[in-house]
Structures are given as C-alpha cells and as structure tokens.
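Student: could you look at this predicted model? Sequence included:
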Amino acid sequence: MSAQMEAHERSPEHRVPRPAPPVNDHAARNEVQSDPLRADSAPANAAAGPPSAKPAELFGPGVEEKMRATNLNFFYGKSQALYDISIQVPTNHVTAFIGPSGCGKSTFLRTLNRMCDTVKGTRVEGDVRLDGEDIFGLDVTSVRRRVGMVFQRSNPFPKSIFDNVAYGLRVNGGLSRADVAERVERSLVRSALWDEVKHKLHESAYGLSGGQQQRLCIARALAVDPEVLLLDEPCSALDPISTSKIEELLLMLADSCTIVIVTHNMQQAARVSDFTGFFLMGKLVEFARTEQIFQAPARKETEDYVTGRFG
Amino acid sequence: MTEASRLRSRHIVNNIMLGMTGVFTVFIASVLLFILGYLFINGARNLSWNFFTQLPKPTGELGGGMANAIVGSAKILAMATVIGVPIGFLGGVYLAEYGNKSFAFVVRYVTDLLNGVPSIVVGIFAYTLIVMRVKHFSALAGGMALGLMMIPIAVRSTEEFLRNVPNGLREGALALGTPKWRALATVVIPAAKEGIITGIMLNLARVAGETAPLLFTALNNRFWSPGVNQPMSTLPVMIYTYALSPYDDWHQQAWAAGFVLLMLILTINVSARMILARSRYSGGR
C-alpha cells in the first residue's frame, strides 16, 4: 500500500492529527522517511510534540540504548530493501518488529549482527552502533559473539546436544573442560531445556522435537553470553505449546539480555515485547511502546495492520 | 474419428510405448547380468587360493597366481588417492564455499574438460612428464596418472555434497562468531562427510579398472615390486597381458583376474552406497 493510497483512504475517525497528506510519491517517501524519528519521540497523546525528543522519553527513565541504527539503507543488488531506517534498541528489554512478509524486518534484523554480509551482492549504507561503536568498523566475529542470533528454522548442528551448546564456547577457546560443561548446563537451564535433556546430553540433537531444537538453538546462542539476542520468527514453525514456552523464556531472558524479535504474529509481539516497530515496504513506519502500537498507533498504516485490515 | 476410436488409438500407442520401455529396460539389465554371469562362471571356476598368494609362474609352467598384481593395484590406487583426493577436495571446497562467479566458472569448466580427457591421453601425459624424464617405468608414475584422473570427480562431488548442506548450518555457526574457515571445518564439512567419502570411493572404483594410463607408466612386473620406484604389476594390466597371450592357462588366469577386479569394484561401490545411505544431507542421491 503506497502512502498515496493511504492519503485517499484516511478515515475521518483517525485520531491523531497529522500534517496535510502528501500529493506525490516523492513527497510521500520523504514524509515516511522522516516520520519514524518523530514516532520514536512522540508521546502517545501528542503527535505534534517536540521533534527532537531524546530516546529517553520513549524508553522511560533508567532505560539505556543498546543498539542504534541511523539512516540505514540496504540493497540486494540494485533493488533497495530498506529505506533510511533509524531506530534505537533499549537495553535489557524485548523489542519486536512486525510487518507483512517482505517488508524488510528480517533484513533489518540481519544487519544488526552483520549476517547480511554473508549474502553476496548486498550493500549497506548508514550506521549501526552497538554501545556506541560502529559495528561495521569492528571485527565481524566479535560483533556476532556479542549479538547472537536464532533463526526461523531451528538449525542444530549434526552433533550431540552437549556439543551444540558447547560449540561457540570451544570456538572462543580459553575455557577448561569443566568450565565448558558448567556453561553448557547454565545455558540449557536458562533456555528451560535442562530438565528435558540432562539425561541425554550426548545424544544427537536431531532426536529432539522441533520446539526443543529451537530452544537448543537459543541455548547455543546464550552459551557465549551475548549482550543482544536477535530472533528471526523463532516460533513460526512451532506448535502453540512450544511457542508459549519460548515466549516465557524470552520474558525471563530480558532481565539480562537485550532481545530483538521479528515476528509475523502480532499477538506474539503484544505478549512478549516492551517496544514494537512496524515495518512496511522497507520503511520503519512507527516505533513506540508496544501498548501504544496496539492501542493507539500514531500512524494510519500501523492501525490498519494491527487491526487486521490488511497484511 | 469418433471419441471411442480416438481413445482406443491412444490406448494402443500407450501400450506400444510402455512395452518398448519395458523391453529395453530388460535388455539393458540382461546385458549387465550376462557380463556378470559370464565373468562369474569363467572367473570363479579358475579362481584358487594360489591366485591370491602366489606370483605368476614362468611361461609354460601351470599354476601360479597374481598376488603381486593385487598388492600392486592396491598400492597404486592408494598413491592415486593420496595425490588426487586432497587437490580435488580442496578445489571442491573452494568452488562450493568461496568461488566468485567468473573464476569459479573457469575452474568448473576446466575441471569438466579434464574429466573428459581420454585415459590414454592422461597416460601419454604422465609418460612424457615422468617416465621419459626419469628414464624408467615406475609405480609412482602410475599413481600420479590415476591421481590426475581422480581430481575432476573429486572436485565436483565434493562441491555437490557441500552445496547440499543446508545454509542454516553455515549461518548458525557464523552467527556464533565463528570464523568462516572454522565453521567449514567443524560444521559444514562434517555434515557432508558421508557424501564426500562416497564420492571418493566411487571415484576410486572408477579408476581401479583403468588400464591405458598404467600401460605407459607402471607397466607390469612378474615379481614383487617393493617401494614405488619400479615397474609394478596391476590387475587391469595383467588382464590385458594375459588375455592377449596365446596360452590357454593364461586366458583362464585373466578371467580370474577380471572376476577379482570386478568384485573389488563392486565391493567399493556397495560400501560407498551404504555409507551414503546413512548420510543426512545427501540430497537423496
């Protein structure tokens, strides 16, 4: 849906006063580009609030910024997948990205740990910072150690359960066997899998159920103590019981880890996240507290999406 | 034409085509079974314990065996593997994991061309390059000729099986901050190892029967050939030599050697397929 269509379809009951609708595509793009910043800072009741508000006003007192993307553009060959994304990710909270398929939310997630580097013919413009450091200036392996990732399809290695979790520890090196064993146990406990697997640690990871395999992948990512954990639709292939286990897990982990989750499932975003970003056609339309996104979105596109009018 | 007669003619055409595919399938299978059966009857009949334990007897004397040729074949195949497989394996890893578009295309193309080079040309090549230079036939030259022949298939089968490894495994390893070479060595290659080993074994089974390159390089030897620097007897060359001889008992020995060689190749083939059947990422091959 283009911003131009949106201008025509805007319903009269739309509650947030907005500037005059754009008249052409070019203007529409400019407006959408600049809007996320305003959405970042806008308190729920005043879209006309100060445009230069600090992230602290969005996050609330005592919440620090963990990661920040500024004016990020992303290209697959000649086609542009992300347009001018600017966003701050809060420390030790759960941030969710929602949006229809192909809107760029997974692509954006993959720029946060530079997994996008692994795809040939792609190009990133703009800036991504982790604790203020430019991740494209850091060594890629150290970025990925600090920013872990869990994928849509669980991808345990063809090794034992123990060796899967120990993998990242062994790559990093410097730990005794006893330390590795202790960290493996702690990670499995943290990912709520320990009780189910403690008697078969040395059996193949492929003997586990789909949900267990996905929690194993979370344990594997947690073993190296990442500061940020990215999850790319981690529950899309799982049944509701496995899904709820992973959601509980995320809520627990958020005490000690910054979590960013991409999800197709809006209820899931509403259940687990503190902040939600809505992506549409490669743009970040709105980023705000989750309650606000679902109860009082500032943008018409967001409201249409979360109320199920499209997408 | 009425609907019914159209349908009838379709049925007839269908039955003819189906019948033809069946006839030709049976024909192909029976050719194979005929060769196997003929070799079994003639070969197994002439096989004795002595065949595996004794050296060839001098011309005119009955009995004797081909122990030296069996050991010689094993030694030359081992040399070929040591020479050809590491090069082919690393080339395959390069093509599957690192190759950029244009250079990889050239490598792949050249590899396929190399695969098409007739074995006798490979023999002449090894002859010119090694035998002419050191001025005598040697087992090492034979091993190098067969090793060269193993490279293209080793490259392409390694590449193929690495490509069958799901990308999720690569990403999972890289996302933990693993350097690419380490992710390859500890996750991707182990996941493909059954396939890669199978490819190497089938490759070995293919060159085990090669005769032409060995005629130019390892030649033959009626005695034990210690080391790798002397001419060495192998089963295919023994079959060639004995089958062309005017002696009946040599013909029988050649049948026996053919049978042993075929059993060797079948064993390698079957065990390769069994290894592959255990593999998770074989891509159904």
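Tutor: Alright, I've got the coordinates. Residues are numbered from 1 along each chain as shown, chains lettered A, B, ... in the order given.
Student: what does chain B put close to chain A?
Tutor: Counting by Cβ under 8 Å from any Cβ of the partner chain, the residues of chain B close to chain A are B:166, B:168-179, B:182, B:186-187, B:190-191, B:280-281. C-beta coordinates here come from the backbone N, C-alpha and C atoms, glycine included.
Student: buried only: go through these for me.
Tutor: B:168-178, B:186-187, B:190-191, B:281 (16 or more other Cβ atoms under 10 Å in any protein chain shown).
Student: which two of these have the greatest separation?
Tutor: B:Gly177 and B:Tyr281 (23.8 Å; Cβ to Cβ).
Student: can you list contacts of stretch A:163-172?
Tutor: When contacts are defined by Cβ atoms under 8 Å, 6 or more residues apart in numbering or on different chains, stretch A:163-172 is touched by residues A:145, A:156-157, A:159, A:175, A:180, A:183-184, A:187-188, A:205, A:216, A:219-221, A:223-224, B:173, B:176-179, B:182, B:186-187.
Student: how about B:Gly209, phi and psi?
Tutor: phi -90, psi 0 (degrees, to the nearest 10).
Student: so it touches B:Pro236, yeah?
Tutor: Yes. Shown here, B:Gly209 and B:Pro236 form a contact pair, counting by Cβ atoms under 8 Å, at 5.7 Å.
Student: need the overlap of contacts for those two.
Tutor: B:Leu261.
Student: not counting sequence-adjacent ones, nearest residue to the residue most central in space within chain B?
Tutor: Ranked by distance to the mean C-alpha position of chain B (Cα atoms, centre = their mean), the top residue is B:Arg206 at 1.6 Å. Spatially, and ignoring its direct neighbours in sequence, B:Arg206 is nearest to B:Ile153 (7.0 Å; Cβ to Cβ, 6 or more residues apart in numbering or on different chains).
Student: and the one you found, what does it touch?
Tutor: B:88, B:115, B:199, B:202-203, B:206.
Student: do the same with B:Val71
Tutor: Here B:Val71 is in contact with B:Trp224 (criterion: Cβ under 8 Å, 6+ apart).
Student: for the helix or strand hosting it, what is the average pLDDT?
Tutor: Element membership for B:Val71 (DSSP states H and E) is helix B:67-93. Helix B:67-93 shows a mean pLDDT of 95.
Student: next SSE after it?
Tutor: Next along from helix B:67-93, by DSSP H and E: helix B:101-116.
Student: got phi/psi on A:Phe75?
Tutor: According to degrees, to the nearest 10, A:Phe75 has phi -130, psi 130.
Student: now the nearest residue to it once chain neighbours are set aside, what are its backbone angles?
Tutor: Closest residue to A:Phe75 apart from its sequence neighbours, by Cβ to Cβ, 6+ apart: A:Arg123 at 4.4 Å. Main-chain torsions, A:Arg123, degrees, to the nearest 10: phi -150, psi 140.
Student: residues near A:Arg123, how many?
Tutor: Residues near A:Arg123, counting by other Cβ atoms under 10 Å in any protein chain shown, number 12.
Student: likewise for B:Leu18?
Tutor: 10.
Student: for chain A, what are the low-confidence residue spans?
Tutor: For chain A, the stretches with pLDDT under 70 are A:1-57, A:310-311.
Student: again, but for chain B
Tutor: B:1, B:280-285.
Student: all strands for it, in order.
Tutor: For chain B, applying DSSP state E gives no strands.
Student: please apply the same query to the stretch 1-150 of chain A.
Tutor: A:65-76, A:79-90, A:94-98, A:122-130, A:133-134, A:147-150 (DSSP state E, counting those that start in this stretch).
Student: describe which strands the first one pairs with in its sheet and in which direction.
Tutor: So the one you mean is strand A:65-76. With DSSP bridges as the test, strand A:65-76 is paired with strand A:79-90 (antiparallel), strand A:122-130 (antiparallel).
Student: what's the most buried one of those strands?
Tutor: Across these, the average number of neighbours (mean count of other Cβ atoms under 10 Å in any protein chain shown) peaks for strand A:79-90, which reaches a mean of 20.
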